[in-house]
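Undergrad: Structure here, sequence nowhere to be found:
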């Protein structure tokens, strides 16, 4: 099993936008649930959004709903997380995870390999 690769993080002012990307060339991501997690120092990693396999149903936690959009390209090569109206509390390292379903997606269980993540910093 190979780790996914996250990219697209950076530093923005509050209210700005970023688009993260998750790639895993060894997988056709259409057949997997992809969850975006984030982690700040001293806290557990938490899932914030998930896209289900095949049907592409999307899920968001209350903290990011209506601001973040998760999507997958039709070829199944990458999953993006468009982050809008960013807030300082969105500051974290963001990771993507490849699993079988979005069940209990907020919990970092059953993840074989984590990537290095991509850092996001939102200043006020």
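TA: Cool, got the structure. This is a predicted model, so every value here is computed, not measured.

Undergrad: so where's the protein shaky on pLDDT?
TA: Flagging of the chain using pLDDT under 70 yields the residue ranges 1.

Undergrad: which stretches of it form helices?
TA: For the chain, no helices are identified by DSSP state H.

Undergrad: Which parts of it are strands?
TA: Here the chain has its strands, by DSSP state E, at 5-7, 10-13, 18-23, 33-39, 46-51, 58-60, 68-72, 78-83, 92-99, 118-123.

Undergrad: Make TSV from those and add distance to residue 110 and mean neighbour count to it.
TA: The way it works is simple: take the backbone N, C-alpha and C, and place the C-beta from them, glycine included. Formatted as TSV, those follow (distance: least, Cβ to Cβ, whole Å; neighbours: other Cβ atoms under 10 Å):
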stretch	distance to residue 110	mean neighbour count
strand 5-7	18	19
strand 10-13	30	13
strand 18-23	17	20
strand 33-39	10	24
strand 46-51	12	23
strand 58-60	16	17
strand 68-72	19	18
strand 78-83	17	22
strand 92-99	6	23
strand 118-123	22	17
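
Undergrad: Tabulate those strands (TSV), appending distance to residue 105.
TA: Rendered in TSV, the data for the strands of the chain read as follows (distance: least, Cβ to Cβ, whole Å):
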stretch	distance to residue 105
strand 5-7	17
strand 10-13	25
strand 18-23	14
strand 33-39	5
strand 46-51	4
strand 58-60	6
strand 68-72	11
strand 78-83	13
strand 92-99	8
strand 118-123	19
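
Undergrad: Leaving out chain neighbours, which residue sits closest to residue 45?
TA: residue 39 (4.2 Å; Cβ to Cβ, 6 or more residues apart in numbering).

Undergrad: Which residues does the residue nearest the centre of the chain form beta bridges with?
TA: Nearest to the geometric centre of the chain sits residue 36, at 2.1 Å (Cα atoms, centre = their mean). Counting by DSSP bridges, residue 36 forms beta bridges with residue 49, residue 96.
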